[in-house]
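Undergrad: Generate a structure from the sequence data that follows.
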Amino acid sequence: MQRLLTTVGGLLVLGLVALMAREVAMNLGPALFEPTRPGADLGDVVSNLSRVLGVVLSMIVALCSIAVPLTANVYTPKLIEIFVADRTNRVVVAFYVLANALVAWNLYVIEDAGPDGARARTFLSLVVTMIALVGIGPYIYYILRFLIPRNIVRNLEREVLEDFATAARSRDDEELAAARAGALENIKYLGNIVLRSVDRYDRDTAFEGLRALRAVFDAYETRKDQLPPAWFDLREAELNAIGPELGREVERKRAAIEVAVLLELSLVLPLAISRLPEIVAQVASLTRRFGVRTAERQDHGAREMVTLFFNTFLRAALQHKSSDAFYKFVYQARRFAEEELDVDPEHSQKVAFFLDYYGHQAVRMGMGFLINVVAYDLASLTDLAYRKQAPCRRAILELLLQLDRDSDGLLQMPGVMKAQVILAAKLHTRGEEEPVRSIMAELKKVPPARLEEAYAQIVAAHDEHFWEIADRRRHLDHVEAEFRGSIEQLRAELLGPRAPGTATQRFLKSPEGNAGRRAIERHGPALRQRRPTSAVQHEPPPVLGRPPSQRLTPPGAAGGGGEKPPAASS
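TA: Residues are numbered from 1 along each chain as shown. Below is the predicted model of the structure:
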């Protein structure tokens, strides 16, 4: 139905265009060269055209004065400035104002003009009015598209990138200061859009704003080496905007733009924790991405600021009692440390220390179960450090081994020992005996019952993927098949051979079990010495616990065609 209506509407528009073209082609010549109306009649025509143009101008003014401020109130006041500065808006509004002025002037002078002058003025007014009428539709469409949140965000993003380009080619201190101030201001406007979108549960606009902040950060990291030294000298107002102490540290580390972007994320995070958890995941991912970008450029000052914000976000998750947010930021911080193992192992060790610290902060704040997540991530980081033979591998392992130092808070937290068990199995499979001995010495301090329970949970995790939607998708207790042999070997070393299960113990206490045990003790040595060959057909072993008259005859054997029921007793 919608396609039919669209087709009919398009045909009607084409028909009207063709009709207007025909009318203009047939009547343009006579109207110019064979006039039949006196000047007074032409004055009435111009008067009508003037009223039409006045209505058109009123519509445009009403649309702009209502739609633009309302949208600016919803997203950002910067929209009004962008709208006014837009070249298309300036040209169109100027055209409609000048068109009204032109027709009004023609209306005033047409009665005193001669016949030829009156015809020319009337024709000019008609052409201007028709252009205005035809153009009002596309311009309304342009305004509505201009006010789409996605386009507002992209306009702000473009202005920031233009400020970076201006700073890269300028050497004038005042121009540099103006470009830096404009970039910082527009970054705040982008953060404001994200914040208001989260407040209204507008996920699409919030994600678009975060995308723009990421693009700004990436573009700045690309151009940062091209910027002159004067760009990094912040003024007093810019320092006070982020706090005097932090401002001076930012200036010293040349990380003003990075900190401006991260500050907007820190404002968005508390609201997103309670409203849009998917925004929390995006903020965590962006923070890791920013850290990796700064590490790739060897920008230690900016990377240090990213790390500080990572810690701030972990603290915010604990303060809001959000285990989900803590889970996401620990995961991304661990990935950040893993990606830095090849670039700066010492900083990876520092990130591991922070994970340990905030894990114990969670214990002290009554959320001790969160340290399980920290344990798994530290174990994963340690495993990768040993695979890469990173210099910090032993230090990170020590953090994992000492993770359960808050014994009072970790009595019911099996994740720490399971993470250590899984790590020991992986290292044992690869032949890393020294760290395995350290982990085994730590595991021997655990009560056997709790250790047996942890092993049972690890062995039971057969599915690699977790049965719920999560960032990692991987089941934390799952162990690949290549490491399961080491799991059993280390378990036997810690707890001894596995005790028989309940069903096995019940069978061994039964008469059949006693008879079977005596038969094994009596015939076991002889059976172990026999070496059957493929050319000899052996009889099946006797069914223990049944008299010969009740044994089963295998299919195809002499004297029967399959299983026979026991003979009835007299």
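Undergrad: and the chain, what are its domains?
TA: Dividing the chain into domains by automatic domain parsing, as the record does, gives the ranges 37-147, 150-320, 340-504.
Undergrad: most tightly surrounded among those?
TA: Ranked by mean neighbour count under mean count of other CB atoms under 10 Å, those are led by domain 150-320, which reaches a mean of 19. C-beta here means a position set from N, CA and C on the backbone, and glycine is covered the same way.
Undergrad: could you give the mean pLDDT of it?
TA: The predicted model assigns domain 150-320 a mean pLDDT of 92.
Undergrad: First residue to last residue on it, what's the distance there?
TA: The first and final residues of domain 150-320 sit 30 Å from each other (CA to CA, to the nearest Å).
Undergrad: cool, and stretch 164-183?
TA: When the end residues of stretch 164-183 are compared by CA to CA, they are separated by 8 Å.
Undergrad: Check what contacts stretch 418-428 and list those residues.
TA: Contacts of stretch 418-428 from elsewhere in the structure, counted by CB atoms under 8 Å, 6 or more residues apart in numbering, are 372, 375-376, 378-379, 382-383, 386, 400-401, 435-436, 439-440, 442-443, 454-455, 457-458, 476-477, 479, 483-484, 486-487, 489-490.
Undergrad: That stretch - what's its average pLDDT?
TA: Taken as a whole, stretch 418-428 carries a mean pLDDT of 92.
Undergrad: how far does it sit from the chain's center?
TA: The chain centroid and the centroid of stretch 418-428 are separated by 30 Å, computed with CA atoms, centre = their mean, to the nearest Å.
Undergrad: Stretch 187-203 now?
TA: Relative to where its chain is centred, stretch 187-203 has its mean C-alpha point 16 Å off (CA atoms, centre = their mean).
Undergrad: Name the next helix or strand downstream of the lengthiest helix in the chain, please.
TA: Ranked by residue count under DSSP state H, the longest helix found in the chain is helix 39-74. Note on helix 39-74: by DSSP states H and E, the next helix or strand toward the C-terminus is helix 78-85.
Undergrad: quick one on the thing from earlier: is it possible to get a markdown table of the domains of the chain that adds distance to residue 14?
TA: Supplementary listing: the domains of the chain in a markdown table, determined by distance: least, CB to CB, whole Å:
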| stretch | distance to residue 14 |
| --- | --- |
| domain 37-147 | 14 |
| domain 150-320 | 29 |
| domain 340-504 | 50 |
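Undergrad: closest one to residue 328 among those?
TA: Residue 328 sits nearest to domain 150-320 of all the domains of the chain, at 4.5 Å, using CB to CB.
Undergrad: Tell me if I'm right that residue 417 and residue 447 touch.
TA: No. With the criterion set as CB atoms under 8 Å, residue 417 and residue 447 do not qualify as a contacting pair; they are 10.2 Å apart.
Undergrad: Return every residue with contacts to both of these two.
TA: Shared between the contact lists of residue 417 and residue 447 (criterion: CB under 8 Å, 6+ apart) there are no residues.
Undergrad: all helices for the stretch 151-300 of the chain, in order.
TA: Residue ranges of the helices in the stretch 151-300 of the chain, as given by DSSP state H, counting those that start in this stretch, are 173-199, 203-223, 236-241, 244-253, 256-275, 277-296, 300-319.
Undergrad: Among the ones you listed, which comes closest to residue 137?
TA: helix 203-223 (26.9 Å).
Undergrad: tell me the angle the closest one makes with helix 277-296.
TA: Between helix 203-223 and helix 277-296, the angle comes out at 0 degrees (axes from the mean of the first three to the mean of the last three CA atoms, to 10 degrees).
Undergrad: Extract the CA atoms of helix 203-223 and return them as PDB.
TA: As requested, C-alpha coordinates have been extracted for helix 203-223 and formatted as PDB (Å, rounded to 0.1, in the frame of the first residue of the first chain):
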ATOM      1  CA  ARG A 203      20.300   4.700  22.800                       C
ATOM      2  CA  ASP A 204      20.800   5.600  19.200                       C
ATOM      3  CA  THR A 205      21.800   9.200  19.800                       C
ATOM      4  CA  ALA A 206      24.000   8.200  22.800                       C
ATOM      5  CA  PHE A 207      25.900   5.600  20.700                       C
ATOM      6  CA  GLU A 208      26.300   8.200  17.900                       C
ATOM      7  CA  GLY A 209      27.700  10.700  20.400                       C
ATOM      8  CA  LEU A 210      30.200   8.100  21.800                       C
ATOM      9  CA  ARG A 211      31.200   7.300  18.200                       C
ATOM     10  CA  ALA A 212      31.900  11.000  17.600                       C
ATOM     11  CA  LEU A 213      34.000  11.200  20.800                       C
ATOM     12  CA  ARG A 214      36.000   8.200  19.600                       C
ATOM     13  CA  ALA A 215      36.500   9.800  16.200                       C
ATOM     14  CA  VAL A 216      37.700  13.000  17.800                       C
ATOM     15  CA  PHE A 217      40.200  11.100  20.000                       C
ATOM     16  CA  ASP A 218      41.500   9.100  17.100                       C
ATOM     17  CA  ALA A 219      41.900  12.200  14.900                       C
ATOM     18  CA  TYR A 220      43.700  14.100  17.600                       C
ATOM     19  CA  GLU A 221      46.100  11.200  18.200                       C
ATOM     20  CA  THR A 222      46.900  11.200  14.500                       C
ATOM     21  CA  ARG A 223      47.600  15.000  14.400                       C
END
